[in-house]
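Engineer: give me a 3D structure for the following:
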Amino acid sequence: MIGDNIMLAVPVADSFEYNIEFDLYAGEKNEYGYIGLYANKSIRAVGKITKVVTVEEVNGELKIYGDVTDDEKNRLCKYKEKYENKKRTELKEPDYFFAKAPKKILPRKVFFVDKFYETDYRNIGTTGVIGSKKFPLAEILSPMPTTTKEIADELRNRAFPSIGAITDDKVKKIMLAVSVKNSYEENIRTNTYCDDKKGIYGYLGLYKDKSICAVGRVTMVASIRVIDGKPYIETPATNEVKNIICENLKTWKLGDKDNLSTKMFFVDKFYETNYENTTTVNINGKEQIQGIIGSKKFFLDNLLPATTEEIAYQLDGQTWELGQDITPKLKSSSDKKNELEIEEKETEPLKPDVANKSSRLIDL
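Structural biologist: Got it, this is the predicted structure:
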């Protein structure tokens, strides 16, 4: 079958209850591995396609082209009867289903599934599913679950993917410094940063106390919306990542704000550094450091390629000023040598006579 690991989402607002009851879907769609039933801004159920047949109605008689069991035929007939009755009585529409118009009878495909397992894969965008929408499950759910129930469970409390990997080479080389005076410890502990208004760049720098104190390489950005106290995650995420997101929502009390929309940035690790801001401004005759308002971009071209830990090392001890494009310099070999000599002096063991004096002082 074409696209075994692709789920085709189809709008079924009027027929959802009968799709669930009889484990089938009728429509003129291409064949994929799974069918997702879309209603009320969410994929509400998913089923693995086990059989596809073509059906048409001729002179009031149902003709099925393809091998079906007595059970499948019975389910199909009952589905047609119930759905057409609903269209006639509740929706006030013509009592036909296997036709595009009352006077034009056309064949239609019927997709039988193993079972429709209920889920809640939210569409938090502004437009709905028009016609159909394909979802590559092997990419969204990695590793790919082995059963349909597991797929439904994994999709629950997620949202449609929209933010992918950072592909622009220029963007990958930019560090965005953000002010984190009140959240620094949580950022370091969880290796995440949360903000809806910031752009997506290759690196994040955590700014507080007049310095960029840590830097991390952005590995994933998850768009999140809190609806009825539940987080809906827009980017493919492992269970570990989902747990981190939920924990952070509690820590920062984001779950208390209904319909909150935000982005959560994940980094490989925040490596601590000390990249000092020396920008001064005269206020009432006193020179003071002018801090970052919002965020500031730093261009790391001179430092790359390098690991995040190496970048933190390169930034450590350097200074910068606002009002210009900031491109940190690569430390020279002499800088490294001087730093190593300082480290050696700091860790140099005490000489015997000094050690004895120290011992006597401690004894006193």
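Engineer: CA atoms of the longest helix along the chain as PDB?
Structural biologist: Taking DSSP state H as the criterion, the chain has its longest helix at helix 70-89. The C-alpha trace of helix 70-89 is given here as PDB (Å, rounded to 0.1, in the frame of the first residue of the first chain):
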ATOM      1  CA  ASP A  70     -20.400 -11.000   5.800                       C
ATOM      2  CA  ASP A  71     -19.500  -8.900   8.800                       C
ATOM      3  CA  GLU A  72     -17.900  -6.100   6.700                       C
ATOM      4  CA  LYS A  73     -20.900  -6.000   4.400                       C
ATOM      5  CA  ASN A  74     -23.300  -5.900   7.300                       C
ATOM      6  CA  ARG A  75     -21.300  -3.000   8.900                       C
ATOM      7  CA  LEU A  76     -21.200  -1.100   5.600                       C
ATOM      8  CA  CYS A  77     -25.000  -1.400   5.100                       C
ATOM      9  CA  LYS A  78     -25.800  -0.300   8.700                       C
ATOM     10  CA  TYR A  79     -23.300   2.600   8.400                       C
ATOM     11  CA  LYS A  80     -25.100   3.700   5.100                       C
ATOM     12  CA  GLU A  81     -28.500   3.400   6.700                       C
ATOM     13  CA  LYS A  82     -27.700   5.300   9.900                       C
ATOM     14  CA  TYR A  83     -25.700   8.000   8.200                       C
ATOM     15  CA  GLU A  84     -28.300   8.700   5.500                       C
ATOM     16  CA  ASN A  85     -31.100   8.800   8.100                       C
ATOM     17  CA  LYS A  86     -29.100  11.400  10.000                       C
ATOM     18  CA  LYS A  87     -28.600  13.500   6.900                       C
ATOM     19  CA  ARG A  88     -32.300  13.300   6.100                       C
ATOM     20  CA  THR A  89     -33.700  14.000   9.500                       C
END
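Engineer: may I see the buried residues of it?
Structural biologist: Of all the residues in helix 70-89, those buried under the rule 16 or more other CB atoms under 10 Å are E72, R75, L76, Y79, K80, Y83, E84, K86, K87. Every C-beta, even on glycine, is put in place using the N, C-alpha and C of the backbone.
Engineer: pull the distance from that helix to the chain's centre.
Structural biologist: Helix 70-89 sits 39 Å away from the centroid of its parent chain (CA atoms, centre = their mean, to the nearest Å).
Engineer: and it, what does it pack onto?
Structural biologist: helix 16-22, strand 24-27, strand 61-65, strand 108-113 (3 or more CB pairs under 8 Å, 6 or more residues apart in numbering; DSSP states H and E).
Engineer: kindly recompute the last result at 6 Å.
Structural biologist: Helices and strands touching helix 70-89, as assessed by 3 or more CB pairs under 6 Å, 6 or more residues apart in numbering; DSSP states H and E, comprise helix 16-22.
Engineer: what sits up against the helix it packs on?
Structural biologist: For helix 16-22, contacts defined as CB atoms under 6 Å, 6 or more residues apart in numbering pick out V12, Y25, L37, A39, R75, Y79, K82, Y83, F116.
Engineer: among the residues you listed, which pair sits farthest apart?
Structural biologist: For those, the farthest-apart pair by CB to CB is A39 and R75; their separation is 20.2 Å.
Engineer: K173 is in contact with D301, isn't it?
Structural biologist: Yes: contact criterion CB atoms under 6 Å: K173 and D301 qualify, at 5.3 Å.
Engineer: look at the two and report which has more neighbours.
Structural biologist: Neighbours were counted for K173 and for D301 using other CB atoms under 10 Å; K173 has more, 19 against 11.
Engineer: quick one: contacts for the more buried one?
Structural biologist: G202, L300, D301, L304.
Engineer: strands along the stretch 201-350 of the chain, start to end?
Structural biologist: Counting by DSSP state E, counting those that start in this stretch, the stretch 201-350 of the chain has strands at residues 203-208, 211-227, 230-233, 260-267, 271-277, 280-283, 286-289, 295-299, 319-320.
Engineer: so of those strands, which one's packed in deepest?
Structural biologist: strand 203-208 (a mean of 24; mean count of other CB atoms under 10 Å).
Engineer: so for it, mean pLDDT?
Structural biologist: For strand 203-208, the mean per-residue pLDDT is 96.
Engineer: now for that strand, which elements pack on it?
Structural biologist: Going by 3+ CB pairs under 6 Å, 6+ apart, strand 203-208 lies up against strand 174-179, helix 184-190, strand 211-227.
Engineer: check T238 and give its pLDDT.
Structural biologist: Confidence score, pLDDT, at T238: 62.
Engineer: same question, A165
Structural biologist: 50.
Engineer: re the thing from before, between the longest helix of the chain and strand 108-113, how many degrees?
Structural biologist: Going by axes from the mean of the first three to the mean of the last three CA atoms, to 10 degrees, helix 70-89 is angled at 120 degrees with respect to strand 108-113.
Engineer: let me see the mean pLDDT of helix 70-89.
Structural biologist: 87.
Engineer: numbering from 188 from now on, please.
Structural biologist: Got it, first residue is 188 now, which makes that one helix 257-276.
Engineer: shaky segments in the chain?
Structural biologist: 188-190, 278-294, 311-315, 317, 348-355, 414-418, 420-427, 436-448, 520-551 (pLDDT under 70).
Engineer: got the domain boundaries for it?
Structural biologist: When the chain is parsed with automatic domain parsing, its domains come out as 193-346, 356-507.
Engineer: show the end-to-end separation of the first one, please.
Structural biologist: The stretch domain 193-346 measures 16 Å between its terminal residues, going by CA to CA, to the nearest Å.
Engineer: can you give the distance of it from its chain's centre?
Structural biologist: In terms of CA atoms, centre = their mean, the centre of domain 193-346 is set 27 Å apart from its chain centre.
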